[in-house]
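Novice: The sequence and its predicted three-dimensional model are supplied below.
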Amino acid sequence: MSSHRKGRVALTAFALAAMLALPAAAQAQITRGELMAVSCFACHGTDGYSSGDMPAIDGMPADEIVKAMKGYREGLKAATVMDRHAKGYSDEEIAQLANYLSKLGKKR
Amino acid sequence: MLPMLGCATPGASAGAPRVVVVGGGFGGATCAKYLRRFDANIHVTLVEANKQYATCPGSNWVLGGLREMDKIMHGYDTLRSKHGVNVVHDTVTTIDPAQRVVRLAGGQTLAYDKLVVAPGIDFRWGSIEGYDKAASQIIPHAWNAGPQTVVLRDQLRAMRDGGTVIIAPPGGAFRCPPGPYERASMIAHYLKTHKPKSKILILDAKENFAKQGLFTAGWEKVYPGMIEWVAGSKGGKVDAIDVAGKTLLTEGGFTKHKGDVINIIPAQTAGSLAMANGLAGDTGWCPVNQATFESTLHPNVYVIGDAAVAGEMPKSGHAANNQGKMAAVAVVSAIRGYEVPEPSAVNTCYSLVAPDYGVTVAAVYRLVDGALKGVQGAGGLTPAGASAADLRREANYAEGWYTGITEDTWG
């Protein structure tokens, strides 16, 4: 095997290691915040945005989501159905939800 | 060199976990999409017979004249192109859990590491004497959307003014508990607009029904005198049908009801694929671990949507969408060797009483003693005293919901 070919083997091995490292980094545990957040997408659209009339929640900062959810839960914010949903979540769960959703960014 | 390169590239895909999802409705399509979103290294194949899926939600709006059929049809191109799902239009004939393969009618065999089955419902033909699959071409059930929806819509359009429409909802567990009553509402809207001398008779196998207070209040307000509902014990239970004579027999045949248009919604079971492959229990529905939706009868097989026994979650498109995500989370967690996060799911069922009059029932679900239960104090119905403005908002959101959930499922 020529030195040139050896170099390619080494490079291939390096590239392979790098490729394997990527999925390994992506092998994180799916969090409860993510599981709860994706349940919101049924109405609000994938990643919080749809082309229809349901209010979009994409790109909302975490503190705004927390404030809105607690406002619905405590009856301080007018709602049709969100008051009934918000009552199903504890402070900790709202924080987990908001943390995940706020990191997705704006979809429009 | 070539063998080494050959080892590096296909090696990664050959080792990729293979998940097969059977059924491309709200449960299966959502599960396939979210499996790929959660982990793009998983090879996902979705097997669905139809190239276009007609949704049951929205099909009552077609009967009411609010929507055309093409607006409740969804294809699979985006699942392929955007999410990398391998969509195969075929029918699964056999599941072999021991060999971990499914066999397709077209002759193909698909191997899986995990299998997700979303077979929907089938009908207990014979639960009403004289009503079978052949009869449903004349007296439609329209409880799978598509050609059946068109049969019922066209019969309503052809009916004379002053005719009687009979709807016969089933007892037991069935798909979309508020569906028959939204259907009555939407047919009433059509009749009020085009054939105002007509009547609707609901002959129910049950003693009460979903959103009953909201529907009956709405009917009195919007369609006074047009809709009559008869409980099972008061003569509502249909025993037999004379298909040619368009006549229903109740109270052991002592009472006959002739309809100009009849819609029988038969009693139901899990879809035939689940029934034929040992996934359903004695009840006709599929028992699952309600944290993961893995079958308690066959390991590595997950059952989601209407076919599954999911605690207090209803058999709805919204529930199926959420269960698709829960199963996707469970499958990915199992492949990666993690515990499944503590379950959380939601249901929101919008129904239209009229085009500008919407009502909902909602719930948030948690796992309690192995069963999914609605959180106490959360969820529930549209308040009885909701303002006309709020009912109009809920009607707008019903359309928004449809767009949101269909984009989340097929988009």
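Specialist: Looks like it arrived, so ask away.

Novice: Just checking: what are the partner strands of the helix or strand that contains residue B:93?
Specialist: Residue B:93 is located in strand B:92-96, with elements delineated by DSSP states H and E. Strand B:92-96 has its sheet partners listed here by DSSP bridges as strand B:101-104 (antiparallel).

Novice: Show residues contacting the strand holding residue B:93.
Specialist: For strand B:92-96, the surrounding residues in contact (CB atoms under 8 Å, 6 or more residues apart in numbering or on different chains) are B:22, B:47, B:102-105, B:115, B:117, B:273, B:277, B:279, B:298, B:301. All C-beta spots, glycine's among them, are computed from the backbone N, C-alpha and C.

Novice: Same list (the residues you listed) but as CSV, adding secondary structure, pLDDT and neighbour count.
Specialist: Formatted as CSV, the contacts of strand B:92-96 follow (DSSP: H, G, I helix; E, B strand; the rest coil; pLDDT from 0 to 100; neighbours: other CB atoms under 10 Å in any protein chain shown):
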residue, secondary structure, pLDDT, neighbour count
B:22, strand, 98, 30
B:47, strand, 98, 25
B:102, strand, 98, 26
B:103, strand, 98, 16
B:104, strand, 98, 17
B:105, coil, 98, 11
B:115, strand, 98, 26
B:117, strand, 98, 33
B:273, helix, 98, 25
B:277, coil, 97, 22
B:279, coil, 98, 27
B:298, coil, 98, 18
B:301, strand, 98, 26
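
Novice: Could you work out the most separated pair of those?
Specialist: The span of these, defined through CB to CB, is set by B:105 and B:298 at 20.9 Å.

Novice: any bit of the longest helix seen in chain B sitting next to chain A?
Specialist: In chain B, taking DSSP state H as the definition, the longest helix is helix B:388-410. Yes. For helix B:388-410, a contact with chain A is found by CB under 8 Å from any CB of the partner chain, at B:390, B:393-394, B:396-397, B:399-405, B:407-408.

Novice: Type out the ChimeraX command that picks the buried ones from these.
Specialist: Selection of buried members from the residues of helix B:388-410 next to chain A for ChimeraX, criterion 16 or more other CB atoms under 10 Å in any protein chain shown:
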select /B:390,393,394,397,399,400,401,402,403,404,405,407,408
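
Novice: Closest one of the residues of helix B:388-410 next to chain A to residue B:151?
Specialist: residue B:402 (22.4 Å).

Novice: quick one, what contacts the residue lying closest to the closest one once chain neighbours are set aside?
Specialist: Excluding its sequence neighbours, the residue lying closest to residue B:402 (CB to CB, 6 or more residues apart in numbering or on different chains) is residue B:58, at 5.6 Å. Contacts here follow CB under 8 Å, 6+ apart; on that basis residue B:58 touches B:67, B:71-72, B:145, B:402.

Novice: Equivalent analysis for residue B:179, please.
Specialist: B:56, B:60, B:143, B:351.

Novice: give me phi/psi at it?
Specialist: Taking degrees, to the nearest 10, you get phi -60, psi -50 for the backbone angles of residue B:179.

Novice: With residue A:55 instead?
Specialist: When read as degrees, to the nearest 10, the backbone of residue A:55 gives phi -50, psi 140.

Novice: what's the span of stretch B:77-92 from first residue to last?
Specialist: By CA to CA, to the nearest Å, the extent of stretch B:77-92 from end to end equals 21 Å.

Novice: which parts of that stretch are buried?
Specialist: B:79, B:83, B:85, B:87-88, B:90, B:92.
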